[in-house]
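In: sequence and predicted structure, then a few things I'm wondering about:
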Amino acid sequence: MAVRGATLLAAILLVALCAGLPADAAIGVNWGTLSSHRAPPGVVVDLMRANRISKVKLFDADPGVLRALAGSGIQVMVGVTNGELASIAGSQAAADAWVAQNVSRYVGRGVVDIRYIAVGNEPFLTSYQGQFQSYIIPAMTNIQQSLVKANLASYVKQVVPCNADAYESASVPSQGVFRTELTQIMTQLAAFLSSSGAPFVVNIYPFLSLYQNSDFPQDYAFFEGSTHPLVDGPNVYYNAFDGNFDTLVSALGKIGYGNLPIAIGEIGWPTEGAPSANLTAARAFNQGLINRITSSKGTPLRPGVPPADVYLFSLLDEEQKSILPGNFERHWGIFSFDGQAKYPLNLGLGNSVLKNAKEVPYLPSRWCVANPARNLDSVSDHMKLACSMADCTTLYYGGSCYGIGQKGNVSYAFNSYYQQQKQDPKSCDFDGLGMITYLDPSMGECRFLVGVDDSKSSAVASCGSGYCGFCCGLWVLAFWVFMYLRLMGSA
Ligand SMILES: *[C@@H]1O[C@H](CO)[C@@H](O)[C@H](O)[C@H]1NC(C)=O
Ligand SMILES: *[C@@H]1O[C@H](CO)[C@@H](O)[C@H](O)[C@H]1NC(C)=O
Ligand SMILES: *[C@@H]1O[C@H](CO)[C@@H](O)[C@H](O)[C@H]1NC(C)=O
């Protein structure tokens, strides 16, 4: 026992020392990859390390991403996508294969510190009309079996990131209940989480409340106090986050799990694409949130108990996300798609501002613009094509390129498409209306992007990057000794 304890302690110390990370850092990030300009995973991992981010939530189990996380010391949540739920729920073999291919393989070989498996992503979302919800518990049951077989059940825990529309309240937080049709499944889920020591994971978006509801008091979305506090018996709520969190606490209480730990799977504020989405607001919200979490203040129903973990949404902009909910969907990043900080933010992890990504492999400095010598009367079909494939959301009201004029619009669209096509000269033709230029056409806030060369994706940056070499070796060793002793102990 003493040896085991000592080894565990040594392993923890090593991780803390080698990765230079604070031991109980609660702020993590979501790393989504719906972008046609994906910086190499190693560059993104280095970006997280430079910013001392020690927890990352993924939406799938991309091998390139997981390889890059090996030896980084970053704790990882991998994701079973909603599309994979049916087969895993229906077949133990499918669950075994998923865990073998996407968890055991990495935990064993390169030491990716996988701590959580997210089973589905917002599977109870009202708009899915129940199509995934019956798979959740069977999928978790099967995956649990797979984890037990792989001897990982006590190290890797399952969670289900839920949208906040899983619960509701007729008035105040204390009236919170799960949606009626979800009561049974939520009770099973809470029992499962409780017995395995995993948190209930919820995504909370005060931005969306403000965006979708014109009566929503703006200051209530932020953390600076509100002239419209919500009074709930003895409790007074000054911000939407606390109110929403306690609505969930109440809903959990009504099914008998009022003390279940809660983690925030996604929370954030977009920087453009809607009138209330801008740099000032995003900074105010995220900084207010971080300060609140790190102050350990908690909420009226959980005073002094901040959420278990909080994963910001998002690390990077993703310009291939669906804009059905709104143009802002592509602008949630605290960093732009290429890892450049959008605004000053103190993550509470040791750096007072964000550090930018280094060694981003940009394509050459050239852009595609509208040929000034040509008449643009017949440009609209070309614009439509370019904007349906690439991103033009910045051109609209509330966007950083709004108001750059018709020619500016055309050039912006042409360039977005040209960069997405990796600067293929043919993609700047547009029947002779396009023209390649070496002069940066960016104007003021409006940035004409240069794409990223994601063919160089396989760079294994972290473990090989000198900084970690020796420590990683020690960490790998300690990990194996720990696993060995754990196995001996449980035998
Ligand atoms: C592992 O995850 C990847 C990426 O999310 C997925 O494509 C693959 O099908 C998974 N493996 C199995 C065996 O299900
Ligand atoms: C930014 O958003 C905030 C909050 O929604 C809003 O009050 C403010 O007017 C916006 N600022 C600009 C410059 O649009
Ligand atoms: C540029 O495009 C945006 C979005 O379609 C539009 O609102 C704006 O009016 C356009 N500007 C001009 C001058 O055409």
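Out: Great, that's in hand. Ligands and ions are numbered 1, 2, ... in the order given.
In: from now on I want contacts and neighbour counts done on CA atoms only, so please keep to that.
Out: Noted.
In: the residue in the stretch 201-350 of the chain that ligand 1 sits nearest to and Ala281, how far apart?
Out: Nearest residue of the stretch 201-350 of the chain to ligand 1 (C-alpha to the nearest ligand atom) works out as Lys321 at 17.1 Å. Per C-alpha to C-alpha, to the nearest Å, Lys321 is found 21 Å from Ala281.
In: picking that back up, the residue of the stretch 201-350 of the chain closest to ligand 1 and Leu34 touch, don't they?
Out: Yes: Lys321 is in contact with Leu34 according to C-alpha atoms under 8 Å; the separation is 5.9 Å.
In: these two: which is more packed in?
Out: More crowded of Lys321 and Leu34, by other C-alpha atoms under 10 Å: Lys321, with 18 against 15.
In: which parts of the stretch 101-250 of the chain sit against ligand 1?
Out: Proximity of the stretch 101-250 of the chain to ligand 1, by C-alpha under 6 Å from any ligand atom, involves residues 101-102.
In: Tyr211 and Ala277, how far apart?
Out: 9 Å.
In: rewinding a little: so how far is Asn163 from the residue of the stretch 201-350 of the chain closest to ligand 1?
Out: Distance, Lys321 to Asn163, by C-alpha to C-alpha: 18 Å.
In: distance of the residue in the chain that ligand 2 sits nearest to from Leu449?
Out: Ranked by C-alpha to the nearest ligand atom, the top residue of the chain for proximity to ligand 2 is Ser276, at 3.4 Å. Counting by C-alpha to C-alpha, the separation of Ser276 from Leu449 is 24 Å.
In: now the residue of the chain closest to ligand 2, nearest residue through space, not along the chain?
Out: Once flanking residues are discounted, Ser276 sits nearest to Tyr211: 7.3 Å by C-alpha to C-alpha, 6 or more residues apart in numbering.
In: which of Tyr211 and Ala277 has more neighbours?
Out: Ala277 (21 against 17).
In: mind listing what the residue nearest to that one when sequence neighbours are not counted touches?
Out: Sequence neighbours aside, Thr271 is the residue nearest to Ala277 in space, at 4.8 Å (criterion: C-alpha to C-alpha, 6+ apart). Thr271 makes contacts with 277-279, 281-282, 328, 331-333, as judged by C-alpha atoms under 8 Å, 6 or more residues apart in numbering.
In: what about 7 Å?
Out: Neighbour list for Thr271: 277-279, 282, 331-332 [criterion: C-alpha atoms under 7 Å, 6 or more residues apart in numbering].
In: and it, what pLDDT?
Out: Note for Thr271: predicted pLDDT of 98.
In: and the gap between it and Asn409?
Out: On the measure of C-alpha to C-alpha, Thr271 and Asn409 end up 20 Å apart.
In: cross-check the contact I'm expecting between Gly288 and Phe223.
Out: Yes: under the criterion of C-alpha atoms under 7 Å, Gly288 makes contact with Phe223 at 5.3 Å.
In: any idea which element the residue sitting furthest away from the middle of the chain lies in?
Out: The outermost residue of the chain relative to its centre, with distances by C-alpha atoms, centre = their mean, is Ala373 at 44.4 Å. Per DSSP states H and E: Ala373 is located in neither a helix nor a strand.
In: confirm Ile117 sits in a strand?
Out: Yes: Ile117: assigned to a strand according to DSSP: H, G, I helix; E, B strand; the rest coil.
In: what bridges to it?
Out: Here Ile117 sits in beta bridges with Val78, Gln158, going by DSSP bridges.
In: quick one: residues in contact with the one helix or strand Val202 maps to.
Out: Here Val202, judged by DSSP H and E, is contained in strand 200-203. Here strand 200-203 makes contact (C-alpha under 7 Å, 6+ apart) with 159-164, 193, 260-267.
In: any regions of the stretch 51-200 of the chain where pLDDT drops low?
Out: Along the stretch 51-200 of the chain, the model assigns pLDDT under 70 to residues 108-110.
In: would you map the helices across it?
Out: In the stretch 51-200 of the chain, helices defined by DSSP state H, counting those that start in this stretch lie at 63-69, 82-90, 92-99, 105-108, 136-149, 183-196, listed in chain order.
In: same check on the stretch 251-400 of the chain?
Out: With DSSP H, counting those that start in this stretch as the criterion, the stretch 251-400 of the chain has helices spanning 279-294, 380-389.
In: domains in this structure, as residue ranges please.
Out: 2-359+457-483, 367-451 (automatic domain parsing).
In: closest to ligand 3 out of the helices of the stretch 51-200 of the chain?
Out: Of all the helices of the stretch 51-200 of the chain, helix 82-90 sits nearest to ligand 3, with 33.3 Å by C-alpha to the nearest ligand atom.
In: quickly check: that closest one near ligand 1 or not.
Out: No: Helix 82-90 stays out of contact with ligand 1 when judged by C-alpha under 6 Å from any ligand atom, the minimum separation being 7.2 Å.
In: then that helix to PDB, C-alphas only?
Out: The C-alpha trace of helix 82-90 is given here as PDB (Å, rounded to 0.1, in the frame of the first residue of the first chain):
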ATOM      1  CA  ASN A  82     -24.000  10.500 -31.600                       C
ATOM      2  CA  GLY A  83     -23.700   8.600 -34.800                       C
ATOM      3  CA  GLU A  84     -21.700   5.800 -33.100                       C
ATOM      4  CA  LEU A  85     -24.200   5.400 -30.200                       C
ATOM      5  CA  ALA A  86     -26.600   2.900 -31.900                       C
ATOM      6  CA  SER A  87     -23.900   0.300 -32.700                       C
ATOM      7  CA  ILE A  88     -22.200   0.600 -29.300                       C
ATOM      8  CA  ALA A  89     -25.500   0.400 -27.500                       C
ATOM      9  CA  GLY A  90     -26.400  -2.700 -29.500                       C
END
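In: and it, what's buried?
Out: Going by neighbour count (16 or more other C-alpha atoms under 10 Å), the buried part of helix 82-90 is 82, 84-86, 88-89.
In: list the contacts for the closest residue to ligand 3 within the stretch 251-400 of the chain?
Out: Nearest to ligand 3, among the residues of the stretch 251-400 of the chain, is Tyr396, at 4.3 Å (C-alpha to the nearest ligand atom). For Tyr396, the contact set (C-alpha under 7 Å, 6+ apart) comprises Tyr402.
In: gap between it and Ile404?
Out: From Tyr396 across to Ile404, the span is 10 Å (C-alpha to C-alpha).
In: so Ala357 sits against Val45, correct?
Out: No: between Ala357 and Val45 there is no contact under C-alpha under 7 Å: 9.3 Å.
In: the more surrounded of these two?
Out: Neighbours per residue (other C-alpha under 10 Å) separate Ala357 from Val45, with Val45 holding more: 24 against 21.
In: so that one is in which element?
Out: Here Val45 sits within helix 41-50, counting by DSSP H and E.
In: how distant is that helix from the center of its chain?
Out: In this view, helix 41-50 has its centroid 14 Å away from the chain centroid, taken as C-alpha atoms, centre = their mean, to the nearest Å.
In: and the residue of the stretch 101-250 of the chain that's closest to ligand 1?
Out: With C-alpha to the nearest ligand atom, the shortest gap between the stretch 101-250 of the chain and ligand 1 falls at Asn102, namely 4.8 Å.
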